[in-house]
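>>> mind folding the following:
(one chain, ligands or ions: 2)
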Amino acid sequence: MKQAKEYDPKAIEEKWQAVWQKEGLFRVSEEKGREKFYLLEMFPYPSGKIHMGHVRNYSIGDVIARYKSMRGLNVLHPMGWDAFGMPAENAAIQHGVHPAVWTRENIASMKKQLKRLGFGYDWDREIATCDVDYYGWEQWIFLKMYERGLVYRKSAPVNYCRQCRTVLANEQVEDGRCWRCSEEVVQNELTQWFFAITRYADELYEYTSKLPGWPDRVLTMQRNWIGKSYGVEVDFPLEKSNSLTIFTTRPDTLYGVTFMVLAPEHPLAVTLPLGTPYEKEVLTFVEKARTQDRSFRADLALKKEGVFTGAYAVNPLTEQKVPIFVSNFVLAQYGTGAIMAVPGHDQRDFEFAREFDLSIILTISPEGGLDPAAMEHAYEGDGTMVNSGIFNGMNNRNAVPAILDYLEARHIGRRTVNYRLKDWGVSRQRYWGTPIPIIYCDECGVVPVPYEDLPVVLPLDARVEMVGKSPLADHPEFSRVDCPKCGKKARRETDTMDTFVESSWYFLRYACPHHNEAPLDREKVDYWMPVDQYIGGVEHAVLHLLYSRFFNRIMHELGFVGVREPFENLLTQGMVIKDGAKMSKSKGNVVDPDYLIERFGADTARLFCLFASPPEKDLEWSDKGVEGSSRFLQRLWRLVMERAEELAKVEPAIVMESADGEVSRLLHVVHKTIKKVTEDVERFHLNTAIAAAMELVNSIHKFLEAGRTDREGMQALRGAIDHLILLVAPFCPHITQELWTALGHEGLLVGCPWPVPEEAYVREEVVTVAVQVNGKLRDTVEVERDMDETALKSLILSLERVQRHLADRRIRKVIVVPNKLVNLVA
Ligand SMILES: [Zn+2]
Ligand SMILES: [Zn+2]
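Ligands and ions are numbered 1, 2, ... in the order given. This is a model prediction of the structure:
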């Protein structure tokens, strides 16, 4: 056997990447009548270097893209950059480099890395959200939303990070801390812009049951975030002013309301105590509680602090006076910002009642009853209604609709639906973002920038420093502007938009990235949308995916997209972990993909990520795993290259009429492997697909040992090797292309049709049939699949063990379950 040349990943990878680029292999356009497949991975933030999480996410995507291309689909596989955001600004502050320069340099180096991994993107569609071509259209969309009342301005308490000196969205607060820098978050009052996402709360909620291609886990997280609950709003008359309205999901406890509690932010919290002896104490308390972090206040273990307002409401059902308190445990963001307290049946209310010595009335009694004075916890279970007027004696759950009817008939309350979802505050006091296209005029008030004056370009000469407001506020040429309405001196909004706005519609813009008459080109968008497969981290299960669903609806209503939901199928891949923890700089357990590529090559890096675990599970880094992947590719290389010249002269065949013995066995394995790999790729079981290909390599080696150098044998060998290469191609595109070419094929693998198995070969040729006598297992026999029944019967009757068990008894009946079982009834 002749010595084959060594496997040199670097040389062959660079060679084929250059070919792909030259041929524009992944460049696509709309082809009417040809089925499309839009494959999208979440675009990266240009931090400067790709990490193993990216390698994994994009390797999964690339397998699917190449596979779908081989299946003949017109595959859109774009890539771009979520390029606005705080790290660029932080780099500017720390290293004195302009965010624009920093971002561009990072994009260039990451793009090089992605190319070096052999990912097949249509780079002609590359988007960087910091390009004015992109964010200018975002301003246009903002103005359209403003026209429709979907954007509004209000003063609201906001999460504020003193370290980053910026407002944070609720989603950016993790356990009361800033998601970026972990500084404790405080509350500030600020006038800002909001997107009215709550108007879509019900639809966004209801559609979660119409997304069968999404993981249940993500749908549950979205549902919980939107937080739809059915309940009732009840009006409690006040002594002084009109009434205090609360929302409750538990009308069956209304008769047990013994006090009420306001959030410190509730307007009545400061007006009720005015002129009473409690005024000063309440105002001091409200001031203090308002700056406390919300998630801290929502903590159930929090010590309940509160003050009496001096005012009373009337329980509309019992007509009893109930005192009104202000407490930090009620949040303005939920319901009406006021609650009715039922200490008998709510643990939080119970603790507050004990602390302030308030009365406890039970309205639901468990079997055997309860003594309120002896209770150590609220009773939160079901039971029989007591102390509840005409509802006494009913089961509490059955009483709910009756109480709701009663409240509505007397105009005391209304059935209602409540959502946990709040409107999306998008103002950021930051520089590196999309300027909000609004002008403030002393005469005219809020004036939207006229469409013809768009885009509002982010000036590149702003001084970026760590200050409490946007650097744009210190940029007179930017902030000073003439009012478009009256012409008098006015000033621009100097806040920029939350970067989550950019990532909420980029998937639409990929369909028409160079369109310059509108944000989107309807015809192109309609060809490509919806995204057939979206792939990204589960950490985006709530914010990014919910905002994108919201934005897609807006673009649908503006007439730019035909579909209501943007993502047909979603795959959320697991994390990459090392030594038991997620890879992160702070933990010092980061593996640099560059090292992996330099040492082993891109194909090994890809193969390791895909083989080590199924996509949705966490991937544990292992040096052994990487070496194993590398060894497999070496083995594949030698298998082909050691006999490439010889094989190149043979016609491949995987279907043969007269195949026998080893040849037949090999052909069956080939077809079964095609079937297995196809099914596994379709289900994203990429690791088991690779395992099946590795098995095929073993089978080919076994075949070689049999020494079948006859014409049939060589044709089958060539057929098996050709198909092995086709099956591995989406996973390891470089080595397979090199081997394919070495075998004398012309053309690129992405253009080759994906193999289809022959059913006749996929089935096992031999089956094991159980032989029973009077229902008892007596023997098993290996027979040809689908053997003729008469032949099968006579074969079984000729078996010695069967004869022994029959012992001359007469056979009355023979029951045959084809390919499985023969039962002789004697
Ligand atoms: Zn921070
Ligand atoms: Zn004006």
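
>>> list the helices and strands whichever helix or strand N90 is part of packs on?
In this structure, N90 sits in helix 86-95 according to DSSP states H and E. In terms of contact count using 3 or more Cβ pairs under 8 Å, 6 or more residues apart in numbering; DSSP states H and E, helix 86-95 is assigned the packing partners helix 99-116. No exception for glycine: its C-beta is placed from N, CA and C like everyone else's.

>>> the helix it packs on packs against which elements?
Contact partners of helix 99-116 among helices and strands, from 3+ Cβ pairs under 8 Å, 6+ apart: helix 9-23, strand 80-81, helix 86-95, helix 593-600.

>>> would the third one count as contacting ligand 1?
No: legend: contact between helix 86-95 and ligand 1 by Cβ under 5 Å from the ion is lacking; minimum distance shown is 8.3 Å.

>>> let me know the pLDDT of whatever residue of the stretch 701-826 of the chain ends up closest to ligand 1.
Closest to ligand 1 within the stretch 701-826 of the chain is F731: 40.2 Å, counting by Cβ to the ion. For F731, the pLDDT comes out at 98.

>>> is it part of a helix or strand, or is it coil?
coil (DSSP: H, G, I helix; E, B strand; the rest coil).

>>> residues near it, how many?
The local packing of F731 (other Cβ atoms under 10 Å) involves 26 other residues.

>>> before we move on, what about G562?
G562: 11 surrounding residues under other Cβ under 10 Å.

>>> and the residue nearest to it when sequence neighbours are not counted, how far is that from C130?
Computed as Cβ to Cβ, 6 or more residues apart in numbering, the closest residue to G562 that is not its neighbour in sequence is D526, at 5.0 Å. Distance, D526 to C130, by Cβ to Cβ, to the nearest Å: 28 Å.

>>> ditto for S47
In terms of Cβ to Cβ, S47 sits 14 Å off from C130.

>>> more neighbours: which of the two?
A direct count of neighbours by other Cβ under 10 Å for S47 and C130 places C130 higher, at 25 against 16.

>>> show me what contacts that one?
W81, A83, F84, A100, T103, W432, L458 (Cβ atoms under 8 Å, 6 or more residues apart in numbering).

>>> where does pLDDT dip in this structure?
Regions of the chain meeting the criterion pLDDT under 70 cover residues 1-4, 169-171, 293-303, 333-334, 465-469, 764-765.

>>> report the central residue of it.
A541 (3.8 Å; Cα atoms, centre = their mean).

>>> my read: it touches M221, true?
Yes: contact criterion Cβ atoms under 8 Å: A541 and M221 qualify, at 4.5 Å.

>>> name the nearest residue to K672, sequence neighbours excluded.
In space, K672 is closest to V762, 5.5 Å off (Cβ to Cβ, 6+ apart).

>>> in contact with the residue of the stretch 701-826 of the chain closest to ligand 1, which residues are there?
F731 touches V63, D603, R606, L607, L610, L686, A689, I690, A693, counting by Cβ under 8 Å, 6+ apart.

>>> ok, 10 Å please
59, 62-63, 66-67, 603, 606-607, 609-611, 629, 677, 681, 686, 689-690, 693 (Cβ atoms under 10 Å, 6 or more residues apart in numbering).

>>> inside helices: which ones of those?
59, 62-63, 66-67, 603, 606-607, 609-611, 629, 677, 681, 686, 689-690, 693 (DSSP state H).

>>> so where do the strands sit in the stretch 451-600 of the chain?
With strands called from DSSP state E, counting those that start in this stretch, the stretch 451-600 of the chain shows them at 480-482, 489-492, 496-497, 533-537, 570-573, 576-578, 581-582.

>>> go through the ones you listed and name the closest to ligand 1.
strand 496-497 (16.5 Å).

>>> what's that closest one in contact with?
Residues contacting strand 496-497 (Cβ under 10 Å, 6+ apart): 84, 135, 138-139, 142, 193, 195, 426-437, 458, 470-472.

>>> chain center to that strand: distance?
24 Å (Cα atoms, centre = their mean, to the nearest Å).

>>> touching stretch 558-565 from outside, list them.
Contacts for stretch 558-565 (Cβ under 10 Å, 6+ apart): 140-141, 144-145, 148, 203-204, 207-208, 210-211, 213-214, 505, 508, 511-512, 518-522, 525-526, 528-531, 548-549, 551-557.

>>> near ligand 1, which residues of the chain show up?
C161, Q163, C164, C178, R180, C181, E183.

>>> the residues you listed in strands, which ones?
C161, C178 (DSSP state E).

>>> buried ones among the residues of the chain next to ligand 1?
For the residues of the chain next to ligand 1, a burial check counting by 16 or more other Cβ atoms under 10 Å picks out C161, C164, C178, R180.

>>> ok, so of those, who is nearest H54?
Distance to H54, by Cβ to Cβ, is smallest for R180 among these, at 18.9 Å.

>>> roughly how far does the closest one sit from E682?
38 Å.

>>> and the residue lying closest to V330 once chain neighbours are set aside, how many neighbours?
Counting by Cβ to Cβ, 6+ apart, V330 lies nearest to A263, which is 4.2 Å off, once chain neighbours are set aside. Look at A263: counted by other Cβ under 10 Å, it has 25 neighbours.

>>> looks like G61 contacts H77 (just checking).
Yes: with contact defined as Cβ atoms under 10 Å, G61 and H77 form a contacting pair (7.0 Å).

>>> overlap in contacts of the two?
By Cβ under 10 Å, 6+ apart, the residues touching both G61 and H77 are L39, L40, E41, F119, G120, Y121, Q533.

>>> are any of these buried, and which?
Judged by 16+ other Cβ under 10 Å, buried ones among those: L39, L40, E41, F119, G120, Y121, Q533.

>>> show me what contacts the nearest residue to the third one once chain neighbours are set aside?
Leaving out its chain neighbours, the residue that sits closest to E41 by Cβ to Cβ, 6+ apart is G61, at 4.1 Å. Applying Cβ under 10 Å, 6+ apart to G61 gives the contacts 39-42, 77, 79, 119-121, 533-536, 571, 573, 615.

>>> now with 7 Å, please.
L39, E41, I535 (Cβ atoms under 7 Å, 6 or more residues apart in numbering).

>>> from Q772, how far out is it?
52 Å.

>>> likewise for S109?
70 Å.

>>> which of the two has more neighbours?
Neighbour tally, S109 and Q772, criterion other Cβ under 10 Å: the higher count belongs to Q772, 17 against 13.

>>> mind telling me what element the more buried one is part of?
strand 766-773.

>>> which one is A473 nearest to, not counting chain neighbours?
Using Cβ to Cβ, 6+ apart and skipping residues adjacent in sequence, the residue nearest A473 is T494, 4.2 Å away.

>>> and this structure, which residues reach ligand 2?
Selection of the chain residues close to ligand 2 by Cβ under 5 Å from the ion yields C441, E443, C444, C483, K485, C486.

>>> which of the residues you listed sit farthest apart?
Every pair of these checked by Cβ to Cβ; the farthest is E443 and K485, at 7.7 Å.
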